[in-house]
Structures are given as C-alpha cells and as structure tokens.
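# Fold the following.
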Amino acid sequence: MISYLTSTDMSIIAFIGVIFAFALTCIAIAKLNKFLPKDLGRQFAVDGKLSAGKPRGAGIIFIFTFVISALLFSQINTEIAIYLVLIVIEMLTGYFDDAAEKPWGEYLKGALDFAVAIVVAVVYLHFNSSTITFAIFGGSVNIPPVVFGILTVILVWVSINVTNCSDGVDGLSGTLTIITIMTFFVLDSVLKIADSFNYCILLFAVCLLGYLWYNATPSKLLMGDAGSRAMGIFIAICALKSQSPFIYILAGLVLIIDGGLGLVKVSLLRFLKIHILKNTTTPIHDHVRKKLGWSNAQVVFRFAIIQIVVSLATVYLAMI
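The predicted model follows:
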C-alpha cells in the first residue's frame, strides 16, 4: 500500500509517527512503571544510594515503544528488521540483569555483547559493502570484509559498554545519546545518504525524550541496563549506516570519554596490573561531581554543551 502513497502522504505519516512515538512512550511509562523492578542503589557511585527504591529498567518500555512505532510508521526492510530484533535482545539482556536479585557477572554480559556484535557485523556485511567514507577528509576506502567485520565487532562492543558506563546521572546518558544519534541524522542528510533507517533515528530520539520527561533531575525512574545497552547498540548501527563509522569518535566523544576511561582504567589494572588515572574517579561524571562539586544538572548541561559543540564542528567539517 505504501507504494500508492504520495510524498506528501508519506510526510504526514512520518509526522504522525514521531508524535505517536513520543506520546506512546510517555503514556506507557506512566502506566507501566509500577511493574518495573526497584533500584537498590549503586554502592560505589557518587550519591548512588539516592536512587534506591526508584523503578529501574524503564528501557524495556521505551525500547518496545520504539520498535512498535518503527514497525507501524517506518519502511521496514529485512536488514532493519534484524537490527530491531538485535536491539530488543540487547535490551532484554540488560533488563534481566536489572530485575535479577544477584546482578549478572561482567564477563557474562561482555560475552553476550560480543555475540550480539558479531551478528551485527555479519548482517551489515550481508546487506552493505565494506567500503567506508571519510566524512571530514573526503574520499573512501574499501576494507577487506574480514577486517571490516572485526572493526565492526569492536565498534558495537565499545559503544554498548561506554554508553552503559555513562548511565549514572539523571538524564545524562539519554541526553548525550540523543545528541549523538541526531548528529548522525544530520550527517546522513549532509552526505546524501538516503536510507529508511534515518527515520528510525528520529523515532528513537523522541522515545528517549519521552523517557527523559520522567528521568530529568530529580528522576522518577531509571532506564537501567535495559536502556543503556540498547542505546549503545543503536548508536553503533547509526555509525555503520552513516557509511562513515569512524565519525563515531566525534559524534559520541563525550560518551566515549565519560564511560570509556573507566573501562580502560579497570581493564589495565585487572589484566596488566597497570594503574592509571589514580587521582581520577571514573566514570568522569562521578569525578566532576565528587572532585569539582558539580550538581547533577550541571553535569548534564555541561556534558551536553560539550557534545553539541563537537557535533556542530563535525557537521560543519563534513559540509565543506
């Protein structure tokens, strides 16, 4: 039936889809949050105990509303359908951890992320070429599929985990994720990448906005791993579909620094007995709250401002 619709009809449907996704997220969270597991408070996080008792795992709500909205209003093809399934799988692994009385081990979650990352790499290479473009410098290069697949697995795994680690301040990871994925949305337009996945970016962003309606400081509920892990894989897919995956370093710079430094610090200490950043609390959002005295609102606004500035500069460089 879509083939009989005019471009105006499609635009109206797309507009309705965005409003629908936001409204459905807000209504679903308001009605279903009482069924979510309760947060126990993070023992070692700054002000972590303040979150104790709040509904946790709201990612299961806004991810399902995103998927429903995408199925109803997007032009779904086989590739996008598989990505939606993988996003749900990543969300469920996080939700079951959120709901478990005893948290899942880091190695188990890391292995599950690795398995999902492999599937993403295989699916992407099946439907797309292994050629990448350089949005800022211009030009393109064809990477051997095996090498591209390995790099894709690394991208997906890193994106999931740095996004997960950045989730610790009300509204922070959700706000940064919106800025990051909308950076890719704008870059896709600048680079003239016509793909139906672009519209999914808008739907994901407004579903996150619906969640942030309740998560803004002081939050009424938390996304948990169900939300942060799903956001991470979605960001990675955005980077891949932009055909310029290395731009992720700039589009997600604040997420990478905030969550990534902690991963590097812990990994070096655990596996190589190398202790770096001894005077730095990680994630960085805990450092600025503990050492610099920033409030939660200041952390969100200032981190967001930094990412917006970097994203605007990135888009400008891609345009010239």
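
# Residue 59 against residue 94, yeah?
Yes - between residue 59 and residue 94 there is a contact under C-beta atoms under 8 Å: 6.3 Å. For the C-beta atoms, the positions are set from N, CA and C on the backbone; glycine is no exception.

# Now the common contact residues for these two.
224, 225, 226, 227, 228, 229, 230 (C-beta atoms under 8 Å, 6 or more residues apart in numbering).

# Mind pulling up the pLDDT for the fifth one?
For residue 228, the model assigns a pLDDT of 97.

# Doesn't it lie inside a strand?
No - with DSSP: H, G, I helix; E, B strand; the rest coil as the criterion, residue 228 is located in helix rather than a strand.

# what's the spacing between it and residue 125?
26 Å (C-beta to C-beta, to the nearest Å).

# who touches the most centrally placed residue in the chain in this structure?
Note on the chain: the residue nearest the mean C-alpha position is residue 231, at 2.5 Å, using C-alpha atoms, centre = their mean. Contacts for residue 231 (C-beta under 8 Å, 6+ apart) come out as 59, 163, 173, 174, 177, 208.

# ok, the fourth one - contacts?
The neighbourhood of residue 174, defined by C-beta under 8 Å, 6+ apart, consists of 208, 211, 212, 215, 223, 227, 231.

# In the stretch 1-150 of the chain, where is pLDDT below threshold?
Of all residues in the stretch 1-150 of the chain, those with pLDDT under 70 make up the ranges 1-6, 42-52.

# Repeat the analysis, applying 50 as the threshold.
1-3 (pLDDT under 50).

# Which residue, neighbours along the chain excluded, lies closest to residue 80?
residue 197 (5.7 Å; C-beta to C-beta, 6 or more residues apart in numbering).

# before we move on, what about residue 69?
residue 21 (3.8 Å).

# follow-up on the earlier one: quick check, pLDDT for the residue nearest to the centre of the chain.
98.

# neighbour-wise, which of residue 228 and residue 125 wins?
residue 228 (27 against 16; other C-beta atoms under 10 Å).

# Distance-wise, check that one relative to residue 13.
31 Å.

# re the thing from before, which is the succeeding secondary structure element to the strand or helix carrying the residue nearest to residue 69?
Per DSSP states H and E: residue 21 is located in helix 7-32. Counting by DSSP H and E, the next helix or strand C-terminal to helix 7-32 is helix 59-73.

# Which strands and helices lie in contact with that following helix?
If you count contacts as 3 or more C-beta pairs under 8 Å, 6 or more residues apart in numbering; DSSP states H and E, helix 59-73 packs onto helix 7-32, helix 78-99, helix 197-215, helix 224-241.

# Just the C-alphas of the third one, formatted as CSV.
Extracted in CSV, the C-alpha atoms of helix 197-215 (Å, rounded to 0.1, in the frame of the first residue of the first chain):
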residue,chain,number,x,y,z
PHE,A,197,17.0,3.8,8.7
ASN,A,198,17.2,7.6,9.0
TYR,A,199,13.6,7.8,10.1
CYS,A,200,14.3,5.2,12.8
ILE,A,201,16.8,7.7,14.3
LEU,A,202,14.0,10.2,14.7
LEU,A,203,11.7,7.7,16.4
PHE,A,204,14.4,6.5,18.7
ALA,A,205,15.2,10.1,19.7
VAL,A,206,11.6,11.0,20.5
CYS,A,207,11.1,7.8,22.5
LEU,A,208,14.2,8.8,24.5
LEU,A,209,12.7,12.3,25.0
GLY,A,210,9.5,10.6,26.4
TYR,A,211,11.7,8.7,28.9
LEU,A,212,13.6,11.9,29.8
TRP,A,213,10.3,13.5,30.7
TYR,A,214,10.3,11.3,33.8
ASN,A,215,14.1,11.0,34.2
